[in-house]
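Got a sequence here, can you build the structure:
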Amino acid sequence: MVSTLGLHWTNDVVGALIQVRRALRPDGLFIGAFLGGQTLTELRQSLVAAEAEILGGAGSRVSPFADSSDAAGLLQRAGFALPVADVDRVNVTYDHPIKLLYDLRRMGETSVLAERHPKKLTRAILERTFELYAERFAGPDGRVPATFEIITLTGWAPHESQQQPLKPGSARMRLADALGTTEHRVPGTR
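Prediction:
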């Protein structure tokens, strides 16, 4: 089963992953990709700074993204075996931040937050956001970057044929011997 760039829209990611795992046959593979926590960091930082400057505070205008360090844990919580999470960062550049917003709208990636900031996003806030974006992030050529962090999850529906961890203490070789190094004991440990 495959989910490409849709999980970040789910209100209950773990619940959705549990349903996916239940839909898979034993030893079935799930591969999913979603946008992670560093996605649009430049835009989010600029928007928060502009709102803080103009409104005296900032609120939710961009959907939250899962942190990459938590990604494999989502699969574990959903009961997947052999979970793996990979992170790719894609950086694109634009002539102007408004072109990024146009692309986001065309991609269907605008905010769907039910509890948005109570004050509307005004032209003044957007203009200041664009100014800050360019000041803080523009390259020597004047183009502004946009980061997209893509987290890819891979997990298997549990099955008895899958590899299993050995019981603690059942190793037949010391790790130091396998690595060809000398083991240094910590004082006060066995």
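
so who does the spatially closest residue to Phe148 that is not a sequence neighbour touch?
Among residues not flanking Phe148 along the chain, Val90 sits closest, at 4.5 Å (CB to CB, 6 or more residues apart in numbering). C-beta coordinates here come from the backbone N, C-alpha and C atoms, glycine included. By CB atoms under 8 Å, 6 or more residues apart in numbering, the contact set of Val90 is Thr147, Phe148, Glu149, Ile150.

for the first one, helix, strand, or coil?
Taking DSSP: H, G, I helix; E, B strand; the rest coil as the rule, one finds Thr147 in the strand state.

one step back: the helix or strand containing the residue nearest to Phe148 pairs with which strands?
For Val90, the enclosing helix or strand under DSSP states H and E is strand 81-94. Sheet partners assigned to strand 81-94 using DSSP bridges are listed as strand 144-156 (antiparallel).

In this protein, which residue is most central in space?
Gly36 (1.7 Å; CA atoms, centre = their mean).

which helices and strands sit right next to the host helix or strand of Tyr102?
Secondary structure assigned from DSSP H and E places Tyr102 in helix 97-107. The contact analysis (3 or more CB pairs under 8 Å, 6 or more residues apart in numbering; DSSP states H and E) places helix 97-107 against helix 41-55, helix 123-137, strand 144-156.

And the spatially closest residue to Lys119 that is not a sequence neighbour, how close does it get to Ala124?
Spatial nearest neighbour of Lys119, excluding adjacent residues (CB to CB, 6+ apart): Leu55 at 6.2 Å. In this view, Leu55 and Ala124 are 10 Å apart by CB to CB, to the nearest Å.

do Glu53 as well
With CB to CB as the criterion, Glu53 and Ala124 are 10 Å apart.

What residues sit buried inside the helix or strand of the chain with the lowest mean pLDDT?
When each helix and strand of the chain is scored by mean pLDDT, DSSP states H and E, strand 2-4 comes last, with a mean of 74. Burial within strand 2-4, assessed by neighbour count using 16 or more other CB atoms under 10 Å, is assigned to Ser3.

CA atoms of the helix holding Tyr102 as PDB?
What follows is helix 97-107, C-alpha atoms only, in PDB (Å, rounded to 0.1, in the frame of the first residue of the first chain):
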ATOM      1  CA  PRO A  97       7.800  34.800  -2.200                       C
ATOM      2  CA  ILE A  98       4.400  35.400  -3.900                       C
ATOM      3  CA  LYS A  99       5.300  32.800  -6.500                       C
ATOM      4  CA  LEU A 100       5.800  30.300  -3.700                       C
ATOM      5  CA  LEU A 101       2.300  31.000  -2.500                       C
ATOM      6  CA  TYR A 102       0.900  30.600  -6.000                       C
ATOM      7  CA  ASP A 103       2.600  27.200  -6.200                       C
ATOM      8  CA  LEU A 104       1.300  26.100  -2.800                       C
ATOM      9  CA  ARG A 105      -2.200  27.000  -3.900                       C
ATOM     10  CA  ARG A 106      -1.900  25.100  -7.100                       C
ATOM     11  CA  MET A 107      -0.500  22.100  -5.200                       C
END
